[in-house]
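Trainee: I would like the atomic coordinates for the input below:
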Amino acid sequence: MSRIGKQPIVIPDAVTLDVKGNIVTAKGPKGELSVSINKNVHLKIDNGTATVTRPSDEKESRAMHGLYRSLVNNIIEGVTAGFEKRLEVVGVGYRAEMKGKNLFLSLGFSHDILFKPSEGIELATEGNNTIIVRGIDKVLVGQVAAKIRSFRPPEPYKGKGIRYAGEQIRRKAGKTAA
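Mentor: Residues are numbered from 1 along each chain as shown. The predicted structure follows:
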């Protein structure tokens, strides 16, 4: 039995979970999200908890059990609290600032980068060197944060670039003089 899959999902009072066919929809204070679940898993809702079960011990059913439990849990968590990723801009002259709803990045290139967020994503900055990506969809928040990081990934010699908050960059020694 999947360790993650067998855990029950607690549904908060502010959230309504609706199952129609293989589409699970969660409505909460932050919005509405839905996920399509595989035919090899079943979702059962009783008394404020949801459990994901599988009909058989086939390899495909076992593989999907924990995955779909996590996906349903993520949509419930998203409509109640939302998700947030923090990015740090490190480097002399590197900075990030908001211009309206768009993110303006100065990363040492000959041109500055203007990033327009996707629908359902909210960007914010703290000072000149911290970017905050917020939203209710965990996948979309992660994709936007990865896209922003890809503009200038951290380099291993001086550690300059955009990194996730708390990310450890493996540093390399530079050239040594003979």
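Trainee: Doesn't residue 77 belong to a helix?
Mentor: Yes: under DSSP: H, G, I helix; E, B strand; the rest coil, residue 77 sits within a helix.
Trainee: Just after the longest strand along the chain, pick out the following helix or strand.
Mentor: Scanning the chain for the strand with the most residues, using DSSP state E, yields strand 83-90. Using DSSP states H and E, the helix or strand that directly follows strand 83-90 along the chain is strand 95-99.
Trainee: Only the buried residues of stretch 17-33, if you could.
Mentor: Using 16 or more other CB atoms under 10 Å as the test for burial, stretch 17-33 gives 17, 24, 26-28, 30, 33. For every residue, glycine as well, the C-beta is placed using N, CA and C.
Trainee: still on that earlier bit, quick check, distance from the longest strand of the chain to the centre of its chain.
Mentor: Between the centre of strand 83-90 and the centre of its chain there are 11 Å (CA atoms, centre = their mean, to the nearest Å).
Trainee: do the same with stretch 38-47
Mentor: 24 Å.
Trainee: who touches it?
Mentor: 11, 17, 19, 22, 24, 37, 50-56, 58, 60-61, 64-65, 68, 72 (CB atoms under 8 Å, 6 or more residues apart in numbering).
Trainee: And the helices in the chain, which stretches?
Mentor: Counting by DSSP state H, one finds helices in the chain at the ranges 59-80, 138-150.
Trainee: Rebuild those as JSON lines, extending it with distance to residue 116.
Mentor: Below are these laid out as JSON lines (distance: least, CB to CB, whole Å):
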{"stretch": "helix 59-80", "distance to residue 116": "22"}
{"stretch": "helix 138-150", "distance to residue 116": "10"}
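Trainee: Which of the buried residues of stretch 17-33 fall in strands?
Mentor: 17, 24, 26-28, 33.
Trainee: from the residues you listed, which two are the most distant?
Mentor: 24 and 28 (13.2 Å; CB to CB).
Trainee: so where's this protein shaky on pLDDT?
Mentor: 1-2, 178 (pLDDT under 70).
Trainee: domains in it, as residue ranges please.
Mentor: 9-80, 83-164 (automatic domain parsing).
Trainee: Need the CA coordinates for stretch 84-92. PDB is fine.
Mentor: C-alpha atoms of stretch 84-92 as PDB (Å, rounded to 0.1, in the frame of the first residue of the first chain):
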ATOM      1  CA  GLU A  84       4.300  30.800  -2.700                       C
ATOM      2  CA  LYS A  85       7.900  30.600  -4.000                       C
ATOM      3  CA  ARG A  86      10.600  33.000  -3.200                       C
ATOM      4  CA  LEU A  87      13.500  33.800  -5.400                       C
ATOM      5  CA  GLU A  88      16.700  35.700  -4.600                       C
ATOM      6  CA  VAL A  89      18.600  37.900  -7.000                       C
ATOM      7  CA  VAL A  90      22.300  37.800  -6.200                       C
ATOM      8  CA  GLY A  91      24.900  39.900  -8.000                       C
ATOM      9  CA  VAL A  92      26.300  43.500  -8.200                       C
END
